[in-house]
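Enquirer: build the 3D model from these lines:
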Amino acid sequence: EVQLVESGGGLVQAGGSLRLSCAASGLTFDDYDIGWFRQAPGKEREGVLCISSSAGNTYYGDSAKGRFTISINNATNTVYLQMTSLTPEDTAVYYCAAGECTVPDYWGQGTQVTVSS
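Expert: Numbering: from 1, shown residues only. Here you go, the predicted model:
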């Protein structure tokens, strides 16, 4: 059974940083694209960052460019999302996902990130 468990969300002031973690079980990252998505209140879910297992490329949503980075620790099967220069527009529930960057097969339960002005 595949499980993705996010952690690290919380309340942060504008301009601050936050690191989200996603602990994966039941899969190996070599076989799946791994990414982060987010959904703000009243908005559709959007891709933030995704690493393609086949191409080795990292895909960025517009919101992430220059501010967010994704990294993987294969030893612990954990994927991280480092976020800097946060703004209130980054407030959302952040989800870890695995499968394909365009259509993930597995989702975590999400972690809330709230950025205060």
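Enquirer: make it CA atoms for all contacts and neighbour counts henceforth
Expert: Noted.
Enquirer: strand partners (parallel or antiparallel) of the helix or strand bottoming out on mean pLDDT in the chain?
Expert: The helix or strand with the lowest mean pLDDT-type score in the chain, counting by mean pLDDT, DSSP states H and E, is strand 58-60 (a mean of 79). Strand 58-60 sits in its sheet next to strand 46-51 (antiparallel), going by DSSP bridges.
Enquirer: neighbouring contacts of the least confident helix or strand of the chain?
Expert: Applying Cα atoms under 8 Å, 6 or more residues apart in numbering, the set of residues contacting strand 58-60 from outside is 47-52.
Enquirer: number of nearby residues for the nearest residue to Trp107 once chain neighbours are set aside?
Expert: Across the structure, with Cα to Cα, 6 or more residues apart in numbering as the measure, the residue nearest Trp107 apart from its sequence neighbours is Ala97 (4.5 Å). Ala97 sits with 29 neighbouring residues when counted by other Cα atoms under 10 Å.
Enquirer: next up, the contacts around Ala97.
Expert: With contacts taken as Cα under 8 Å, 6+ apart, Ala97 has the following neighbours: 4, 34-37, 104-108.
Enquirer: which residues pair with it across the strands?
Expert: Once the bridges are assigned, which here means DSSP bridges, Ala97 pairs with Gly35, Trp107.
Enquirer: in this protein, which spans are strands?
Expert: Taking DSSP state E, the strands of the chain run over residues 3-7, 10-13, 18-25, 33-39, 46-51, 58-60, 68-73, 78-83, 92-99, 106-107, 111-116.
Enquirer: mean pLDDT for these: which is lowest?
Expert: The minimum mean pLDDT among the strands of the chain belongs to strand 58-60 (a mean of 79).
Enquirer: now do it: distance to the chain's middle.
Expert: Distance of strand 58-60 from the chain centroid (Cα atoms, centre = their mean, to the nearest Å) equals 11 Å.
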